[in-house]
Structures are given as structure tokens and as C-alpha cells.
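Chemist: give me a 3D structure for the following:
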Amino acid sequence: MYAIVTAGGIPKPDEPLFEYSQGRSKSLIDIAGKPMIQWVLDALGGSKKVDQVVIIGLDQTANVTCGKPVHYLPNQGSMLANMVAGFGKVLEIDPTAKYVLIASSDIPDLKSNMVDWLVSEVEKEAADLYYGVVRKEIMDQTYPGSRRTWTRLKDMEVCGADINVAHVSMATEHLPTWETLIGRRKSPLKQAAAIGLWTLILMLTRQATLQELVGRVSRSIGIKGKAILWPWAEAGMDVDKPHQLAMMRTSLQKQKS
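Modeler: Modelled structure (predicted):
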């Protein structure tokens with residue numbers, strides 16, 4: 001499977017990670033002696049299920065490496081445009097490609113076996129979009145004090161994973177909906193409101209289970225979606241704030257030692 005790594009985000013002076021990035025890509029912030037994205041590339045490079053990698057937002061001057069062939073694309077200006085360009089690059093490399101793995105560059109604790117597990121889960125059932133979530137209790141056990149954004153459902157509380165899989169058709173269909181959902185990705189309630197009033201009500205009152213919510217969203221957009229319930233917290237532990245950066249530095253320095 002081909003993988004896309006999004007690395008185009010550059011923190012602005014008024015954003016929490018600016019003092020660590022100083023005008024450079026967030027993905028290049030040092031964590032335990034490596035750029036943050038390098039940890040992600042190591043996980044993908046060691047995966048038995050990943051064939052090639054497309055990095056969006058960096059070029060060869062970033063001096064990152066991967067155990068699989070790497071292709072670079074410049075930042076396209078928005079997350080949606082980056083995704084469309086990334087899928088286009090995959091299809092340029094391999095017109096027969098069906099599915100693409102999408103990972104953010106800010107989940108440095110990701111491991112190769114976790115990537116392999118995700119692809120194996122995808123291979124069990126055909127769908128258009130596989131969206132991962134992590135239960136709150138798993139996240140709290142692995143990363144106490146992570147302060148993720150939680151979606152409170154009838155049967156569980158979850159946060160979103162930052163590594164998912166989509167069919168290549170997702171890059172050309174339903175683009176207005178994706179633009180809205182991506183723009184509101186940090187607020188599950190705003191995403192629910194974009195999909196429909198009743199979905200928002202179900203989330204506010206915690207009357208929807210995870211599977212019910214997935215079904216409702218899938219029908220609203222007109223796709224077949226599947227929730228991937230992660231057994232590990234690493235897929236959802238992204239670095240957005242200084243305290244999360246400190247957590248990752250501590251965790252990965254211990255592993256490195």
C-alpha cells in the first residue's frame with residue numbers, strides 16, 4: 001500500500017509550537033535527536049505493508065530518510081488540496097492503486113507493527129474510508145494528561161487517530177463535504193453539525209454509539225465508512241501543544257536509551 005505523510009504545517013508566531021519551530025515546518029521539530037517526521041518515516045519504512053511514501057510539504061533539503069522509496073510534493077495550501085495532490089501522485093506512480101494510507105507527521109510514537117495491523121484490518125472488509133479512533137481509557141493509560149479532544153458517544157469516549165486509509169476515489173468525490181469536515185477536524189461537534197442537525201443532537205445527548213454514528217455519517221456523505229478501533233494510543237497521540245511535545249520527547253528518549 002502507498003502512504004502519504006502530510007508535513008506542510010508551519011506554526012505561526014501566535015501558535016503554541018512556534019517557539020520550537022521558528023518558522024520552519026512543525027514536522028522538523030526535534031524529538032529525541034530526530035525530526036518529528038523521521039520517527040513516522042521510520043515506522044512506515046519498517047512496515048511490511050507499505051510500498052512507497054509520498055511526503056507533502058517538504059523536499060529533499062529536509063534530509064529525512066525512509067526504508068521505502070520516497071516522493072516529495074510541495075505544500076498545496078490547504079489540507080484538502082494536499083490530499084488531492086497526494087492521491088494524484090500515487091496514481092501517477094501506480095494507476096492500479098486502490099487504497100492509500102494517510103498519516104500526519106506529528107505522531108512520532110507510531111510503530112511499524114501498528115502500521116501493519118491497520119493495513120491488515122483494512123484488508124478484511126472493503127470500504128471507501130477507514131477512520132481510526134482511540135478509546136479514552138487507552139489514551140489515558142498510555143499518555144496521562146494528553147488532553148486530547150474527546151467525542152462522547154453512548155458506548156465510549158474516543159479521539160481521532162492521525163493515520164487512516166481511504167480509497168483513491170475519495171480524492172475526487174464529495175470535495176465540498178470534505179473541505180468542511182477537514183476545516184472542522186478539531187471539533188467533533190462542528191463536524192456533526194456540518195453533516196446534519198439530527199447527528200449533532202445525537203452527539204450532544206450521547207444517544208449514538210460509534211457504529212450508529214459511522215452509519216449516519218456514511219449515509220449523509222454517500223460512502224461506505226468503517227471505524228477502526230485502535231488497541232494502541234500511539235495512533236492518536238499527535239503533537240499540537242508544548243506539553244504534548246514534552247511528553248513525546250520524554251517517551252521517545254526513554255525508548256531510544
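Chemist: strands of this protein, residue ranges please.
Modeler: Under the criterion DSSP state E, the chain contains strands at 2-6, 30-31, 34-35, 53-56, 70-73, 99-104, 129-135, 151-152, 157-160, 163-167, 225-230.
Chemist: name every strand pairing with the second one and say which way it goes.
Modeler: Taking DSSP bridges as the criterion, strand 30-31 forms sheet pairs with strand 34-35 (antiparallel).
Chemist: contacts made by the strand it pairs with with the rest, please.
Modeler: 27-29, 62, 64 (CB atoms under 8 Å, 6 or more residues apart in numbering). (Each C-beta comes from the backbone N, C-alpha and C, glycine too.)
Chemist: and if we set it to 6 Å?
Modeler: residue 28 (CB atoms under 6 Å, 6 or more residues apart in numbering).
Chemist: and it, average pLDDT?
Modeler: Mean per-residue pLDDT for strand 34-35: 96.
Chemist: check stretch 169-183 too.
Modeler: Computed over stretch 169-183, the average pLDDT equals 64.
Chemist: kindly report the same for stretch 125-145.
Modeler: Stretch 125-145 comes out with an average pLDDT of 92.
Chemist: give the contact list for the closest residue to residue 134 other than its chain neighbours.
Modeler: Nearest non-adjacent residue to residue 134, counting by CB to CB, 6 or more residues apart in numbering: residue 236, 3.8 Å away. By CB under 6 Å, 6+ apart, the contact set of residue 236 is 134, 159, 161.
Chemist: can we see that at 10 Å?
Modeler: Residues in contact with residue 236 (CB atoms under 10 Å, 6 or more residues apart in numbering) are 107, 132-136, 138-139, 142-143, 146, 148-149, 158-163, 230.
Chemist: quick check: the residue nearest to residue 252 when sequence neighbours are not counted vs residue 57, distance?
Modeler: Spatial nearest neighbour of residue 252, excluding adjacent residues (CB to CB, 6+ apart): residue 32 at 4.1 Å. Noted for residue 32: a distance of 22 Å to residue 57, by CB to CB, to the nearest Å.
Chemist: neighbour count: those two, which is higher?
Modeler: Of the pair residue 32 and residue 57, residue 57 is the one with more neighbours under other CB atoms under 10 Å, namely 22 against 18.
Chemist: chain neighbours aside, what residue packs nearest to that one?
Modeler: residue 8 (2.8 Å).
Chemist: next, the one you found: phi, psi?
Modeler: With angles defined as degrees, to the nearest 10, residue 8 sits at phi -90, psi -10.
Chemist: okay, now it: neighbour count?
Modeler: Using other CB under 10 Å: residue 8 sits among 21 other residues.
Chemist: residue 139 contacts residue 233, doesn't it?
Modeler: Yes: in this structure, residue 139 is within contact of residue 233 by CB atoms under 10 Å, at 4.6 Å.
Chemist: where do the contact lists of those two overlap?
Modeler: Each of 146, 148, 159 lies in contact with both residue 139 and residue 233 under the rule CB under 10 Å, 6+ apart.
Chemist: got a winner among those residues for most neighbours?
Modeler: residue 159 (24 neighbours).
Chemist: sorry, back to before: contact partners for the residue nearest to residue 57?
Modeler: 25-27, 55-58, 73-79, 81-82, 105.
Chemist: pLDDT score for it?
Modeler: The score at residue 8 is 81. That number is its pLDDT.
Chemist: how far away is it from residue 24?
Modeler: According to CB to CB, residue 8 and residue 24 sit 12 Å apart.
Chemist: before we move on, the earlier item: which of the shared contacts of residue 139 and residue 233 sits closest to residue 248?
Modeler: Residue 248 lies nearest to residue 146 out of those, by CB to CB, at 10.1 Å.
Chemist: can you tell me how far the closest residue to that closest one other than its chain neighbours sits from residue 6?
Modeler: Once flanking residues are discounted, residue 146 sits nearest to residue 139: 5.8 Å by CB to CB, 6+ apart. Between residue 139 and residue 6 the distance is 21 Å, computed by CB to CB.
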